[in-house]
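Asker: model this:
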Amino acid sequence: MTFPGVWMTESASMIYRVVPKCACSTIGQIMFYTDHGLFFDGDIHDSTSGLHKWSQDESQKRIEQIVRARKAPAFTCVRNPYSRILSSFFDKIAGIQRNGRRYRGNLVSQLIQRYGIDVGSPESGFEFDQVTSFRRFLLFARDTIRWRRPMEPDIHWAAMSGQIATFIANGGHYDSIFFTETFNDGMQRVLDKAETPNSIALTDVPRFNESEGHGPKRAHKISEYFDDLSRHLIWEIYKDDFQLFRYDFDDPDNRMPIGEIDLEEVHAKLGR
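Answerer: Below you'll find the model as predicted:
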């Protein structure tokens with residue numbers, strides 16, 4: 001059994017399947033705090049101790065033991081597909097990463113050449129046609145997901161359902177899946193079920209977003225980025241995300257879910 005993308009507190013109080021662009025930095029820091037009474041100094045994705053991660057060989061046996069025995073509540077968090085793909089574009093494609101470079105080395109230069117994307121630069125104040133460039137990026141994202149070219153799909157824009165499914169397919173079971181849009185309510189329900197060494201007040205937790213302030217700000221409301229073709233592509237890529245996690249496909253500006261997630265349905269459809 002393998003559980004890629006899974007983090008667990010050292011106290012084995014909770015298990016989290018990471019989904020990028022869905023408050024994963026904040027969730028990781030909350031998990032770290034409940035064990036150690038302080039936040040990790042830096043980006044939680046860079047931590048190599050204080051939190052079990054499947055990517056750390058020494059953590060795998062412990063994670064598998066707890067997952068298989070269902071000894072801790074397992075959860076994940078989802079986000080509106082429209083705002084998630086926009087966030088991926090502004091962070092990973094148009095933005096500068098915390099190391100001062102573009103994401104994945106020459107990826108952006110390839111997109112400029114192959115798809116005609118323009119993302120501006122810090123020197124120009126990130127001035128570019130956001131709508132046109134985003135729609136061209138969306139074509140690229142669809143190509144990576146459907147045909148796996150010109151590269152494998154990146155976890156930041158791969159469908160949430162596909163990433164969440166790996167945990168179920170390999171023998172895991174979610175006790176909770178909650179919405180980024182109602183984060184405190186959902187995270188509190190997880191904490192209420194977990195026996196943690198330290199308590200934490202969610203209202204006092206900062207939002208950890210390492211990319212914020214290192215790229216352009218979104219200049220338009222969400223619906224202005226999605227014409228008919230873009231919405232067709234979004235449905236092609238994220239149909240399961242909209243349906244399973246109860247988001248509104250018809251109104252891109254409605255970020256909020258339009259129903260409750262049915263965990264039994266999620267396990268049945270993603271566990272195949």
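Asker: Tell me which residues of stretch 244-255 come out buried.
Answerer: Within stretch 244-255, the residues that count as buried by 16 or more other C-beta atoms under 10 Å are L244, F245, R246, Y247, D248, F249, P252, R255. (Each C-beta comes from the backbone N, C-alpha and C, glycine too.)
Asker: Spell out the residue ranges of the strands in this structure.
Answerer: Taking DSSP state E, the strands of the chain run over residues 6-9, 15-17, 51-53, 74-78, 176-179.
Asker: which strands and helices sit next to the first one?
Answerer: Secondary-structure packing of strand 6-9 (3 or more C-beta pairs under 8 Å, 6 or more residues apart in numbering; DSSP states H and E): strand 15-17, helix 24-36, strand 51-53, helix 57-69.
Asker: Determine which stretch of the ones you listed is the most buried.
Answerer: strand 15-17 (a mean of 26; mean count of other C-beta atoms under 10 Å).
Asker: ok, residues contacting that one?
Answerer: Strand 15-17 has contacts (C-beta atoms under 8 Å, 6 or more residues apart in numbering) with 3, 5-8, 27-28, 31, 63, 66-67, 72-76, 163-164, 166-167, 172, 174.
Asker: Spell out which residues make up each domain of this protein.
Answerer: When the chain is parsed with automatic domain parsing, its domains come out as 6-79+156-204, 82-153+212-237.
Asker: For the ones you listed, which has the smallest mean pLDDT value?
Answerer: Per-stretch mean pLDDT for those is lowest at domain 82-153+212-237 (a mean of 91).
Asker: What is the end-to-end distance of it?
Answerer: 11 Å (C-alpha to C-alpha, to the nearest Å).
Asker: Which of the strands of the chain sits closest to E265?
Answerer: E265 lies closest to strand 176-179 among these, at 10.8 Å (C-beta to C-beta).
Asker: Let's see that closest one as CSV, backbone CA atoms only.
Answerer: C-alpha atoms of strand 176-179 as CSV (Å, rounded to 0.1, in the frame of the first residue of the first chain):
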residue,chain,number,x,y,z
SER,A,176,-14.1,14.3,6.7
ILE,A,177,-13.8,16.3,3.5
PHE,A,178,-14.4,20.0,4.0
PHE,A,179,-14.4,23.2,2.0
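Asker: Which strands and helices lie in contact with it?
Answerer: Counting contacts by 3+ C-beta pairs under 8 Å, 6+ apart, strand 176-179 packs against strand 74-78, helix 183-193, helix 263-270.
Asker: Buried deepest among these, which one?
Answerer: Counting by mean count of other C-beta under 10 Å, the most buried of these turns out to be strand 74-78, with a mean of 24.
Asker: mind listing what that strand pairs with, with the direction of each?
Answerer: strand 15-17 (parallel), strand 176-179 (parallel) (DSSP bridges).
Asker: Now distance to G42 too, for the ones you listed, in CSV please.
Answerer: Formatted as CSV, the strands paired with strand 74-78 follow (distance: least, C-beta to C-beta, whole Å):
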stretch, distance to G42
strand 15-17, 19
strand 176-179, 26
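Asker: Nearest to I155 among those would be which one?
Answerer: Closest to I155 of those, according to C-beta to C-beta: strand 15-17, at 11.8 Å.
Asker: How about M31, nearest residue that isn't a chain neighbour?
Answerer: Once flanking residues are discounted, M31 sits nearest to T9: 5.1 Å by C-beta to C-beta, 6 or more residues apart in numbering.
Asker: Using neighbour counts, pick out the buried residues of stretch 151-158.
Answerer: Buried, per 16+ other C-beta under 10 Å, within stretch 151-158: P153, D154, H156, W157, A158.
Asker: Let me have these in CSV, extended by distance to E224.
Answerer: Below are these laid out as CSV (distance: C-beta to C-beta, whole Å):
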residue, distance to E224
P153, 25
D154, 24
H156, 22
W157, 19
A158, 25
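Asker: So of those, which two are at opposite extremes in space?
Answerer: P153 and H156 (9.3 Å).
Asker: I figured I66 hits P73, correct?
Answerer: No: I66 lies out of contact with P73 (C-beta atoms under 8 Å); the separation is 10.5 Å.
Asker: residues in contact with stretch 134-151?
Answerer: Contacts of stretch 134-151 (C-beta under 8 Å, 6+ apart): 85-86, 88-89, 93, 107, 110-111, 114-117, 152-154, 157-159, 225, 227, 229-230, 233-234, 236-237.
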